[in-house]
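> Next one to model:
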Amino acid sequence: MIAGTLGGLLAFCSFVKGAQPPATSTLDPAHFHALLVGCTKYDNLPANKSLRGPANDVELMRDFLTDLLRHSSPDLDHFKLPPTAIKVLSEADATAQGDDFRPTRTNIEREIQNLIATAQEGDQVVILLAGHGGQQPEHKNPDPIYAKPDGLDQMFLPCDCGKWNGKKWCVDRSIADYELRDWGKQITLQKKARLWVILDACCSGWTMRGDSPEIARSISTDELGIPEADLQDAAKTALARQPAHQAAEKMPGNGDHTRGGGAVDVGFAFDPQLHDERQSPNYAGIYAAQRDESELEMRMPYRAADPKEAKYQGLLTYAIVDILSHTARKITYGELAELVRQRYPQWGRTAGPTPVVEGLAKDCEVLGLQRWPGRSAMRWRKDGTDGFVLNEGSVQGLTPGTVVALYPSIESTTAPSNEKELLGYAKVKHCELLESDVKLAAYSGMSEPRQAKLPAHGRFEVVWTDYGSQRLKLGVDAASGNLQQLSADLKAALAKEGLLEFVDDMHLAQWVVQMRDGKLVLLSKDAAEIGGTPPPEAALFSIQGQPTAEIVHMLEEIARAQNLLTLTAAQQTDKLRGAGQDDDPSHPNVELKILRCKSKTDPGTEIDLAKEPLTLLPNDLIRWRMTNHGQSDMAATLLYIDAGFGIKAIFPRAGSGTDNLLTKKEGTQQTKVWRITADPVGNEHVVLIAVPRQAGNQAPDFSFLEQSTLPLMRGADDPEAASLESPLGKLLKNAMYENGTRGGAPVDDIIDTQLSLQSWRVGAEK
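So this is what the prediction gives:
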């Protein structure tokens, strides 16, 4: 709070000084190749180690990439995807097409070799590996450039992986990191193609409790039959060479990462003589978790109207599609990874994981596109059964109740003015992952349109967003102790309408009451599913006083902080979609930077969160700088949410009377220096609220949203109450200290406000 790790499984080094990857204006299906691997059933692992999400991951990514290629084609009506463009290996594809499509070691290697043979200079290659990961002793006589600091190789486990083979010194039929690296070098170095690897697995994880709705994508060394003696030998070998690696302050070849000091330590220790220019400029990789974390799959979307209809997904794959489906502007791989890290807290993740990005191409645009489908790609069509379908769904942030405006399609109009003709409105009825059913509706004084007069298809824009239920769901793990009476008491206490809701079905709970080691605790659902001792960053609170009252009080504070994060993510989604773009002078454009300081008087050095998943350590000094690049005066509030869900006003300090004005055209404010402490450790955030300031009026100030002051600020006589009467204020009021039931807002009403989020991880003492 205020007062190292796995950076990547692959590190593709080209060992040549090559040209930068060629720029392309569109994603050409003829020069695009993807291999999507989803491992669910494992032949040689216990049945309870089967996964569900990878099968859904590859289908989600296949649908997304197909749609992206379709909208990159100049002729949508005659678009036909080349049969070799996207290859999927999964149980479902094997059932439909034969065993050659199972995600076995042989089939995966065959398809990667096909990619190597097919790819040409400038082509775009995407590889998604979703399934279990693991670690094994480093192979004999490793390349010193890639020698591991802990003596362990990372690996991806195909569906037919075996156990540890001491003679071969590897897990049978696994795919080790050095193999993936060598294959990748052939794509990026020999063929000079661009490669993006998405690894939705992990290399070291926690033990999950039985009957868990969240499943860890990792297999322990015990389960793989790796003898402890072999692990110890690998550790001794690594330790013997440690001094040579510890001599370098920075990780050569990965200049954004340093050892210690709070930055992320990458998975490979590069030789000090290597430099960035000797890596491939054509490679970017995004990996699900750091070395000490576990990637989980869970039901998504997180707050589905009917949670039982949600599908198991790997968080990384779902987040990537979620973000790229929204964006109407350029985005780099580094920015994508930062946005992924911001998604997790809104999905109830308190115990990790922390996705990371690696490779020199992390500063390049995702998939090399110089334009995105954007708003014109948001399309509706008649489905032939008196219904209407949108080509966006829950992944793109649509929710039941959201209202959309219907327009003609741009390509079907003969005059530019016709494309802006409002045909009517429709309301979302039901959301699938990538599609939604809507019904025609009256809205904003306009009557319901007549179906017969509407064309067969067109485009749409979101005009009113339904944020869904913002009530926090509590469950009691009665099996962990004698908690039947407490469960009944909490159910009665939460029967009235409010921010909290009691659920009997533990699969639907977001927070859980458990007995652990004879003590009553309240903990997040992801932490509740971890057997044994949860990691330090897991949200776990001891219940000391009167249980029912204390649990309700704590949960209300958690709900306020969680809903603030959720609303912030929702508006950032709208900004990616196109509303409030930086290049529109009529929209707010406040830039928030986090700075690392050497002392309380040091102005600080900017930390680029798009290049490093930030970990701060105790006694680190940081401050924030806000700059208004827009054309209107703005009032800024900066709220800090710690790992214990406390909310503190960083700027302006509550009751301080500080002027929080950011004048238009580069007006700047800077906070004082804050010191990081380890109480508590875990994931923390800063939320920027920027709203217009009218000349002669008091600046809107949301500093009163500090957690401790919330109960005191609900009266109509409070001077801050006026801030809550704005459209944004009403959203915050409902989400943070009223009933949290379904609510929404017209997009145009909040388009002149800005919510921005920064996230980081506070580690324990070195």
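
> So for stretch 446-457, mean pLDDT?
Across stretch 446-457, pLDDT averages out at 89.

> Let's see that stretch as CSV, backbone CA atoms only.
Extracted in CSV, the C-alpha atoms of stretch 446-457 (Å, rounded to 0.1, in the frame of the first residue of the first chain):
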residue,chain,number,x,y,z
MET,A,446,-38.6,8.1,-31.0
SER,A,447,-41.2,5.4,-31.4
GLU,A,448,-40.4,1.8,-32.1
PRO,A,449,-39.4,1.4,-35.8
ARG,A,450,-41.4,-0.9,-38.1
GLN,A,451,-39.5,-4.0,-38.9
ALA,A,452,-40.7,-4.1,-42.5
LYS,A,453,-39.3,-0.7,-43.3
LEU,A,454,-35.8,-1.6,-42.1
PRO,A,455,-33.1,-2.8,-44.5
ALA,A,456,-31.6,-6.3,-44.2
HIS,A,457,-28.5,-5.0,-42.4
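
> any idea where the strands of the stretch 651-766 of the chain begin and end?
Taking DSSP state E, counting those that start in this stretch as the test, the strands found in the stretch 651-766 of the chain are 661-662, 667-670, 674-675, 682-692, 744-746, 754-762.

> Can you list the strands that the fourth one pairs with?
Yep, that's strand 682-692 we're talking about. Next to strand 682-692 in the sheet, as set by DSSP bridges, lie strand 634-641 (antiparallel), strand 754-762 (antiparallel).

> could you give the mean pLDDT of the shortest one?
In this case it means strand 634-641. For strand 634-641, mean pLDDT is 89.

> picking that back up, mind giving me TSV with the strands paired with strand 682-692 and columns for distance to residue 391 and mean neighbour count?
To be clear about C-beta, it is placed using only N, CA and C from the backbone, and glycine gets the same treatment. Output for the strands paired with strand 682-692, formatted as TSV (distance: least, Cβ to Cβ, whole Å; neighbours: other Cβ atoms under 10 Å):
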stretch	distance to residue 391	mean neighbour count
strand 634-641	35	24
strand 754-762	27	23
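
> Would you format those as TSV with distance to residue 159 included?
Output for the strands paired with strand 682-692, formatted as TSV (distance: least, Cβ to Cβ, whole Å):
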stretch	distance to residue 159
strand 634-641	41
strand 754-762	33
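
> Those strands: which one's closest to residue 444?
The minimum distance between residue 444 and these falls on strand 754-762, with 24.0 Å, by Cβ to Cβ.

> Checking my notes, residue 587 in a helix, right?
No: Residue 587: not assigned to a helix; according to DSSP: H, G, I helix; E, B strand; the rest coil it is coil.

> so how many other residues sit close to it?
Look at residue 587: counted by other Cβ atoms under 10 Å, it has 18 neighbours.

> what does residue 390 give?
Residue 390 is flanked by 26 other residues according to other Cβ under 10 Å.

> any idea how far residue 171 is from it?
Residue 390 sits at a distance of 45 Å from residue 171 (criterion: Cβ to Cβ, to the nearest Å).

> before we move on, what about residue 333?
The gap separating residue 333 from residue 171 is 30 Å, by Cβ to Cβ.

> same thing with residue 650?
48 Å.

> Settle it for me: which of the two has more neighbours?
Between residue 650 and residue 171, residue 171 has the larger neighbour count (other Cβ under 10 Å), namely 25 against 19.

> Next up, the contacts around that one.
Counting by Cβ atoms under 8 Å, 6 or more residues apart in numbering, residue 171 makes contact with 134, 136, 155, 157, 161-165, 224, 226.

> between the residues you listed, which has the most around it?
With neighbours defined as other Cβ under 10 Å, the most crowded of these is residue 157; it has 28 neighbours.

> I'd like to know how far the nearest residue to that one once chain neighbours are set aside sits from residue 288.
Take residue 157 and drop its neighbours on the chain: the residue closest to it by Cβ to Cβ, 6 or more residues apart in numbering is residue 132, 4.3 Å away. Counting by Cβ to Cβ, the gap between residue 132 and residue 288 amounts to 12 Å.

> Look at the two and report which has more neighbours.
Looking at residue 132 and residue 288 with other Cβ under 10 Å, you find the greater number of neighbours at residue 288, namely 33 against 30.

> and the more buried one, what pLDDT?
84.

> so how far is residue 551 from it?
Going from residue 288 to residue 551 by Cβ to Cβ gives 32 Å.

> what's the neighbour count on the nearest residue to residue 455 once chain neighbours are set aside?
Using Cβ to Cβ, 6+ apart and skipping the chain neighbours, the partner closest in space to residue 455 is residue 408 (6.2 Å). Residues lying near residue 408 (other Cβ under 10 Å) number 18.

> Residue 408 against residue 459, yeah?
Yes: the criterion here is Cβ atoms under 8 Å, and residue 408 meets it with residue 459 at 7.5 Å.

> ok, longest helix in this structure?
Longest helix in the chain, counting residues (DSSP state H): helix 547-577.

> Output the contacting helices and strands for the very next helix or strand once past that one.
Toward the C-terminus, helix 547-577 is succeeded by strand 590-597 as the next helix or strand (DSSP states H and E). With contacts defined as 3 or more Cβ pairs under 8 Å, 6 or more residues apart in numbering; DSSP states H and E, strand 590-597 has these neighbours: strand 605-606, strand 621-628, strand 634-641, strand 682-692, strand 754-762.

> what about those strands, which gets the closest to residue 65?
Taking Cβ to Cβ, strand 754-762 is the member of those nearest to residue 65, at 27.5 Å.

> ok now the host helix or strand of residue 182, how far from the chain's centre?
Assigned by DSSP H and E, residue 182 belongs to helix 177-185. Relative to the centre of its chain, helix 177-185 is centred 26 Å away, using Cα atoms, centre = their mean, to the nearest Å.

> residues making contact with stretch 471-486?
Applying Cβ under 8 Å, 6+ apart, the external contacts of stretch 471-486 come out as 487, 490, 494, 498-506, 508-516, 520, 528, 547-548, 551, 555, 558-559, 562, 739-741.
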